[in-house]
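Asker: I'll drop the sequence and a predicted model, then ask my questions.
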Amino acid sequence: MTGFSMKANKANSITLLQFIVIIHSTQLGVGVISMPRDLAKTAGTDGWIALILGYAMSVIASIIIIQIMKKHPNGTIIDLISHFFGKFVGHLMSLVFGIYMCLFAYLILDRMVLLIRSWIMQQSQDYVLMLLFVVPAYMIVKGGIRILARYAEVVIMCSLWMPIVLLTLFHEAHWLNMLPILKDGWMPVLQTVNTTVISFLGFEAAFFIYPHLENKKKATFGIIIANTLTLLVYLYVTILCFVVYSPDEIQYFNDTMLTVVKVIEYRFLERFDIVMLTCYLLVISKTWIPALYMTVYCSKRLFHIGTAGKHIAVLLAGMVLITYIWEPGWNASTTMIQYFTYFGIVMAFIFPLCLWGILSVMTSFPRWNK
């Protein structure tokens, strides 16, 4: 085990493949389960076009992030800001990113717990289900960035059977559901882009994992591939649901991906959707666990006391305690995610663009080109 480390070094470095896997893993989580319905509510079966537009925006923002990180390649975004704007601003951004990543991790974890309770263990308490993931998350995050990368690689390899099984659903497909294209014009599609952009959130993890990349020259290529993989998964599931369900019918199912899996039947297995969800929990875990790692990184930068293990334990215990006291249900979770999306758009799209513009001006002066 490499151990949790705040510094980029050879012992804690990752390959290009691992870089791609972490970015892709942080993007792909619970969103894909309800995405077909969310797209259909606004754009109908033209929602897949909005996905491509959202992908294009996320790729542009991702490339800007890589260009920012090239200006201080051996440090994270916190190191970069401290270098150009001073330690006070660096500490301030540690707080902002820490809050952002903590909310990111908690909202995904809470959503995962709600899915388990709704589909599998209806009588269990949310905080009890959350406790099941505390120890594995603690061990993975404490292991550091390389352990996170290896965990994501293993989960992806173990989940490759899912899209293959979903192929069997295409014999239920009605491809006429997709026609005509742009039946209501471009306006509904453009109104849905906001929803798709949110689904690609997670690429901002590059702010923290870029310095660990062995071959930084391929970072732009890697982050584009990561976004493309996420797009392919989203398109695959969305189009599948659109052709199996009618445009009106799909809006009645909240967890569309899991609902469509109910069509799959085997003589030896009655509820294949439960099997799919159980395995997909691993896919969701590789979304919020990296966010937890980045939260701990920020907390260590803010508070120079205690080991990384203690910071992880406090954060996980706090999440469980909040769930025990508050007990947020589906409505509360949905409301929190809606508010968080504005925070996410600022941190992943607006902040990088503004920072890139400022740094481009600053580095045009000889003082900052040293």
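Answerer: Great, that's in hand. What you see is a predicted model, and the numbers here were worked out from it, not measured in a lab.
Asker: distance of the closest residue to Met276 other than its chain neighbours from Pro290?
Answerer: Excluding its sequence neighbours, the residue lying closest to Met276 (CB to CB, 6 or more residues apart in numbering) is Val261, at 4.9 Å. From N, CA and C alone the C-beta is placed, and that goes for glycine too. Distance of Val261 to Pro290, given as CB to CB, to the nearest Å: 26 Å.
Asker: and Tyr138, by the same measure?
Answerer: 14 Å.
Asker: neighbour count winner among those two?
Answerer: Pro290 (28 against 17; other CB atoms under 10 Å).
Asker: and the pLDDT for the more buried one?
Answerer: Pro290 carries a pLDDT value of 92.
Asker: so where does it fall, helix or strand?
Answerer: helix 272-302 (DSSP states H and E).
Asker: quick one: distance of that helix to the chain centre.
Answerer: 9 Å (CA atoms, centre = their mean, to the nearest Å).
Asker: now it: buried residues?
Answerer: Within helix 272-302, the residues that count as buried by 16 or more other CB atoms under 10 Å are 273, 276-277, 280-281, 283-301.
Asker: please apply the same query to stretch 222-229.
Answerer: Gly222, Ile223, Ile224, Ile225, Ala226, Asn227, Leu229.
Asker: quick one: residues contacting Arg301.
Answerer: When contacts are counted by CB atoms under 8 Å, 6 or more residues apart in numbering, Arg301 touches Met6, Ile78, Gly90, His91, Ser94.
Asker: let me fix that: Ser285
Answerer: Taking CB under 8 Å, 6+ apart, we find Ser285 in contact with Met112, Phe133, Pro136, Ala137, Val155.
Asker: Cys279 touches Val165, doesn't it?
Answerer: No: the pair Cys279 / Val165 is not scored as a contact, 10.2 Å apart, by CB atoms under 8 Å.
Asker: give me the distance between Phe170 and Ile66.
Answerer: Distance from Phe170 to Ile66, by CB to CB: 37 Å.
Asker: next, the distance between the ends of stretch 121-132.
Answerer: 13 Å (CA to CA, to the nearest Å).
Asker: that stretch: how far from the chain's middle?
Answerer: 23 Å.
Asker: and the contacts of that stretch?
Answerer: Counting by CB under 8 Å, 6+ apart, 109-110, 113-114, 116-117, 319-321, 323-324, 327-328 sit against stretch 121-132.
Asker: just the ones in strands from these, please.
Answerer: Among the contacts of stretch 121-132, none falls in strands (DSSP state E).
Asker: most neighbours out of those residues, which is it?
Answerer: Counting by other CB under 10 Å, top hit in these: Leu109 with 28 neighbours.
Asker: what pLDDT does it get?
Answerer: Reported pLDDT for Leu109: 91.
Asker: over to Asn74?
Answerer: 88.
Asker: and what of the one 5 residues further on?
Answerer: Residue-level confidence at Asp79 comes out at 92, pLDDT.
Asker: can I assume it is in contact with His72?
Answerer: Yes: look at Asp79 against His72 with CB under 8 Å: they come within range, at 6.2 Å.
Asker: the residue lying closest to Ile147 once chain neighbours are set aside: neighbour count?
Answerer: Excluding the flanking residues, the one nearest Ile147 by CB to CB, 6+ apart is Ile140, at 5.8 Å. Residues near Ile140, counting by other CB under 10 Å, number 21.
Asker: right, I'll leave it there.
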